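1. Show me how the following folds:
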Amino acid sequence: MSEEQFDLCLDLMRRLSPANTTANLARLVKLVGPELEDELFSACPVTNKDYLQCDYNRDEKSYRSPWSNEYDPPLADGTHPSARLRKLEVAANDAFEVYRELYYEGGISSVYLWDTDEKDVFAGVVLIKKVNNDNTSDNGSWDSIHVIEVEEKGPIGELNLSGNMTRQAVHDLPVEDAFAHVGNIGRIVEDMELKMRNALHEIYFGKTKDIANDLRSVQSLAEAKKQASIQAELVGKLLNRK
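-> Numbers count the residues shown, from 1 in each chain. Next up, the predicted model:
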């Protein structure tokens, strides 16, 4: 195979989903022949994408990547989702990678799914992490963990999704096919994330601002007294109307 053909192979791999690198490489080697197998596999590692480690993707002392489905360090008998669930996991990781970029413009997201002992029930977790590390004095981070459980109740069916963080939410949603779970889970997580951000803004930031304003008014004393006088006058007129 010529150098031009090798470059074309690499260009094709860059255009394909990184979640299916191993399968795509195998198909490409089968197509072009085994003479460049070593070169292609060395030029296209299985995945170098970052992922989040937690108890949900840990087996012994190894952690499973949601992109390659492999354990690091390698683990021969590590736990993996079923073939059907793995397809959903890949689709969910692709979807939440887009979601994270839209909402956070960076960071890392990981989705892990696993089978349960109950029939037609699977569970999973959606992890999102964004750290402000732009070398400024404003340091902060956002970490969210959404644990979900899905119960399939039939070919059309309903969903029972619950997120366990500081609150819980249960929804019954229609499912046309298996991949509809990704969209349903996405809407649930998006709604919960918005509620978390609103609560953080209104309760914590809002209360801090109220306390600061009570301790140190931004108005002059004369302006504050004038405003209080106007308010008292308005209240008095309202009471006299009754």
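2. Every contact and neighbour count from this point should use C-alpha atoms.
-> OK.
3. Show me the shaky parts of the chain.
-> Applying pLDDT under 70 to the chain picks out residues 1-2, 14-23, 36-48, 133-138, 155-167, 203-222, 224, 237-242.
4. For it, which segments count as helices?
-> Applying DSSP state H to the chain gives helices spanning 3-15, 21-32, 37-43, 83-104, 180-199, 206-215, 221-241.
5. Identify all contacting residues around the fourth one.
-> The set of residues external to helix 83-104 that reach it, using CA atoms under 8 Å, 6 or more residues apart in numbering, is 19, 66-67, 106-115, 128, 130, 178-179, 181-182, 186.
6. Now render the helices of the chain as TSV, adding distance to Asp50.
-> Listed next are the helices of the chain as TSV, based on distance: least, CA to CA, whole Å:
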stretch	distance to Asp50
helix 3-15	17
helix 21-32	15
helix 37-43	18
helix 83-104	12
helix 180-199	21
helix 206-215	35
helix 221-241	54
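7. would you turn the ones you listed into a markdown table with distance to Pro174 and mean neighbour count?
-> A markdown table is the format used below for the helices of the chain (distance: least, CA to CA, whole Å; neighbours: other CA atoms under 10 Å):
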| stretch | distance to Pro174 | mean neighbour count |
| --- | --- | --- |
| helix 3-15 | 34 | 12 |
| helix 21-32 | 32 | 15 |
| helix 37-43 | 42 | 13 |
| helix 83-104 | 17 | 16 |
| helix 180-199 | 8 | 16 |
| helix 206-215 | 38 | 12 |
| helix 221-241 | 53 | 11 |
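8. mind checking which of those helices is nearest Lys119?
-> Taking CA to CA, helix 83-104 is the member of those nearest to Lys119, at 13.3 Å.
9. quick revisit: are any of the contacts of helix 83-104 buried, and which?
-> Among those, the ones that count as buried by 16 or more other CA atoms under 10 Å are 19, 66-67, 107-114, 128, 130, 181-182, 186.
10. Which of these sits closest to Leu8?
-> Nearest to Leu8 among the buried ones among the contacts of helix 83-104 is Ala19, at 19.9 Å by CA to CA.
11. ok, the closest residue to Phe122 other than its chain neighbours - contacts?
-> Counting by CA to CA, 6 or more residues apart in numbering, Phe122 lies nearest to Asp115, which is 4.8 Å off, once chain neighbours are set aside. Each residue near Asp115 by CA under 8 Å, 6+ apart is listed here: Pro81, Ser82, Leu85, Val121, Phe122, Ala123.
12. and the residues you listed, which are buried?
-> Looks like the contacts of Asp115 have Pro81, Leu85, Val121, Phe122, Ala123 buried, using 16+ other CA under 10 Å.
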